[in-house]
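Engineer: sequence plus the predicted model coming up.
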Amino acid sequence: LAKTTQPISMDSYEGQEVNITCSHNNIATNDYITWYQQFPSQGPRFIIQGYKTKVTNEVASLFIPADRKSSTLSLPRVSLSDTAVYYCLVGPVQAGGGNKLTFGTGTQLKVEL
Amino acid sequence: DTEVTQTPKHLVMGMTNKKSLKCEQHMGHRAMYWYKQKAKKPPELMFVYSYEKLSINESVPSRFSPECPNSSLLNLHLHALQPEDSALYLCASSQVQGTVNYGYTFGSGTRLTVV
């Protein structure tokens, strides 16, 4: 399984764009990159998933360079409610489900006024 | 229904007790998972069920016994736990379309305290 490396923590202010980068140098050909958000005492919440290039949804964008050895989660115009831990996960997807995704240490994002 | 429901939300049990955690989803997901999360640590995978069959056991002690009675329900039976087993236990499910997994849906967890 590909190991991921993220910054332990990041600080930002409301209204700013936040970019969290994840390094996954030994990503495999069939691995996808998935990001989750977790608030204290709650389960992680799926944010975005991608394989290559750029993926965008209503809450975030995911940038993946051609070599796929890293990825960047971009949160536009963050607010106080975006203060949470963000996890980057890399792992294979199997047609029958039951894939084994392992959480890394995550990035604690703190947003201030 | 787009949720994973876990019950109970909080559980306090003695080391000689037997208790069960319950997880339910009605999204038609065919993969279900148990994770354990200690304070300020990432979730750790315990078990994976795929199409109601146990596919992954991450060398979890036998005092934790998973069960998947049907495609919507996942249980975790607890027996003779230790205080260090106190943690947030998270259930998750995922769907598969073709070969793409669209991510896990997690429940809010059961906060377990072993005394």
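Structural biologist: That came through fine. Residues are numbered from 1 along each chain as shown, chains lettered A, B, ... in the order given.

Engineer: end-to-end on stretch B:44-59?
Structural biologist: Taking Cα to Cα, to the nearest Å, stretch B:44-59 runs 12 Å from one end to the other.

Engineer: kindly report the same for stretch B:60-78.
Structural biologist: For stretch B:60-78, the first and last residues are 12 Å from each other (Cα to Cα).

Engineer: ok, now which ones touch the spatially most central residue of chain A?
Structural biologist: Centroid-nearest residue in chain A, with Cα atoms, centre = their mean: A:Trp35, separated by 3.1 Å. Contacts for A:Trp35 (Cβ atoms under 8 Å, 6 or more residues apart in numbering or on different chains) come out as A:22, A:47-49, A:60, A:62, A:73, A:86-89. In short, each C-beta sits where N, CA and C put it, glycine included.

Engineer: show me what contacts the residue lying closest to it once chain neighbours are set aside?
Structural biologist: Excluding its sequence neighbours, the residue lying closest to A:Trp35 (Cβ to Cβ, 6 or more residues apart in numbering or on different chains) is A:Ile47, at 4.5 Å. Listed by Cβ under 8 Å, 6+ apart, the contact set of A:Ile47 reads A:35-37, A:57, A:59-60, A:73, A:86.

Engineer: avg pLDDT for the helix or strand encompassing A:Ile47?
Structural biologist: Element membership for A:Ile47, per DSSP states H and E: strand A:45-50. Strand A:45-50 shows a mean pLDDT of 92.

Engineer: so what secondary structure elements neighbour the helix or strand following it?
Structural biologist: Per DSSP H and E, the first helix or strand lying C-terminal to strand A:45-50 is strand A:53-56. Packing partners of strand A:53-56 (3 or more Cβ pairs under 8 Å, 6 or more residues apart in numbering or on different chains; DSSP states H and E): strand A:61-64.

Engineer: who touches the strand it packs on?
Structural biologist: In contact with strand A:61-64 (Cβ under 8 Å, 6+ apart) are residues A:33, A:35, A:48-56, A:70-74, A:76.
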